[in-house]
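[1] coords below, sequence missing:
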């Protein structure tokens, strides 16, 4: 009881800290991506106008370009952050994002050189992702170390992530009106620049110690080489290997399929109109798709926000961070199987309901994964190793995105069943394991 009271006092102290509010608003503004609920739809509709085949596969290729650039620059960006300053790197990432939004606007507004411009836009978005991933989390961990909040990692990250998801909820609602009432839907990319400029200004106000970096004693290339050697040494840690692969593989599957609800809605919009007793027309279908997707993402993210805030309670109930991560792996696979059944029998309402749980599980699991990885990564390597984790995710996504798109062009239910089976097998034979057992193994190997 005494320990619980002390924890509550520290939690209240954390929530009142001015920097904690900045962390919350950072995530809030970052997730105001007004194009997100409709990106696949915009690409799908554009490609459909040209009667092209394998549309989802081609959309997957666009995301592949994004992930290739994220992958190539992931570890170098982490090393740069650790060596030259995390705050500096985070400011650069928002510059890349804004360039990307401008190029998406240009590409979706013209018929000529569409793929050329969109591919460049995806490349800059990938650069932004590589410079951002892991960096802000490492900065939060620095703040926690400075204030001796190390035992509250899941609580802190769960709360900051919940504000990101509140931003996503508002994003879904506002984007409905934008797409319905703006003459050209691609203008949502230009409007998205506004919250990203606000985030740039917010990051610039972070205190100087958040820009911590390692003193450089040699030239740049030697520092990069040293950083890569440190990564290789770190991967001798069994707990780190399992944690990185468990986190990155789960997130890669989620990222690769999370928006497949968009083509599902497009495919079954006729069924939805009949169920609602409405008269079918092209204009009605477009407006209904806009309203359904915007509302749906808002609901997904508000529930995800609540889930993220309570992630630390899941850890307590399951009695172990890694054990909770393994459980969510299997629950995700089970949801995919159920979803494939209801897509096949054409019941969109249940499909949407099940997709909600996919988002909830991801936003419970991510704070747990950050907590677990923070325990096994050395403080001075946090940005680098969290970038490594993000890079493994990028490798998997740029394999999964076009492959899943190609399979989905033939059968989305078949895709989901295949993914579920693969997830279960991989987690059972490669990624699952009791943390305490792994700790004991390491003690025996390193007496």
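    Received, thanks. Predicted model only: the values in this text are computed from it and were never measured.
[2] all helices of the stretch 151-300 of the chain, in order?
    153-181, 187-204, 220-234, 238-257, 261-267, 269-276, 282-309 (DSSP state H, counting those that start in this stretch).
[3] Determine which of these approaches residue 345 most closely.
    With Cβ to Cβ as the criterion, residue 345 lies closest to helix 269-276 of the helices of the stretch 151-300 of the chain, at 10.6 Å. The way it works is simple: take the backbone N, C-alpha and C, and place the C-beta from them, glycine included.
[4] got the buried residues for that closest one?
    Going by neighbour count (16 or more other Cβ atoms under 10 Å), the buried part of helix 269-276 is 269, 272, 273.
[5] helices or strands next to it in the packing?
    Helix 269-276 makes packing contacts with helix 282-309, helix 348-376 when contacts are defined by 3 or more Cβ pairs under 8 Å, 6 or more residues apart in numbering; DSSP states H and E.
[6] Out of the ones you listed, which one sits most buried?
    Most buried of these by mean neighbour count (mean count of other Cβ atoms under 10 Å) is helix 348-376; its value is a mean of 21.
[7] next helix or strand past that helix?
    Scanning forward in sequence from helix 348-376 by DSSP states H and E, the next helix or strand is helix 382-410.
[8] okay, and for the stretch 1-150 of the chain, where does confidence drop off?
    1-3, 50-52, 75, 78, 82, 110-114, 134 (pLDDT under 70).
[9] all helices for it, in order.
    Under the criterion DSSP H, counting those that start in this stretch, helices of the stretch 1-150 of the chain are mapped to 2-16, 18-30, 39-49, 55-84, 86-108, 114-132, 135-147.
[10] How far away from the center of its chain is the second one?
    Taking the mean C-alpha point of helix 18-30 and that of its whole chain, the gap between them comes to 17 Å (Cα atoms, centre = their mean, to the nearest Å).
[11] quick one: that helix to helix 135-147, angle?
    170 degrees (axes from the mean of the first three to the mean of the last three Cα atoms, to 10 degrees).
[12] What of the first one?
    Calculated by the same axes, to 10 degrees, helix 2-16 forms an angle of 120 degrees with helix 135-147.
[13] so how many other residues sit close to residue 310?
    Residue 310: 17 surrounding residues under other Cβ atoms under 10 Å.
[14] re the thing from before, out of the helices of the stretch 1-150 of the chain, which gets nearest to residue 348?
    That would be helix 39-49 among the helices of the stretch 1-150 of the chain, by Cβ to Cβ, at 15.1 Å.
[15] which secondary structure elements does that closest one contact?
    Under the contact definition 3+ Cβ pairs under 8 Å, 6+ apart, helix 39-49 sits against helix 55-84, helix 261-267.
[16] would you turn these into JSON lines with distance to residue 47 and mean neighbour count?
    What follows is the helices and strands packed on helix 39-49, written out as JSON lines (distance: least, Cβ to Cβ, whole Å; neighbours: other Cβ atoms under 10 Å):
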{"stretch": "helix 55-84", "distance to residue 47": "5", "mean neighbour count": "23"}
{"stretch": "helix 261-267", "distance to residue 47": "12", "mean neighbour count": "20"}
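[17] now residue 260: how far from residue 418?
    13 Å (Cβ to Cβ, to the nearest Å).
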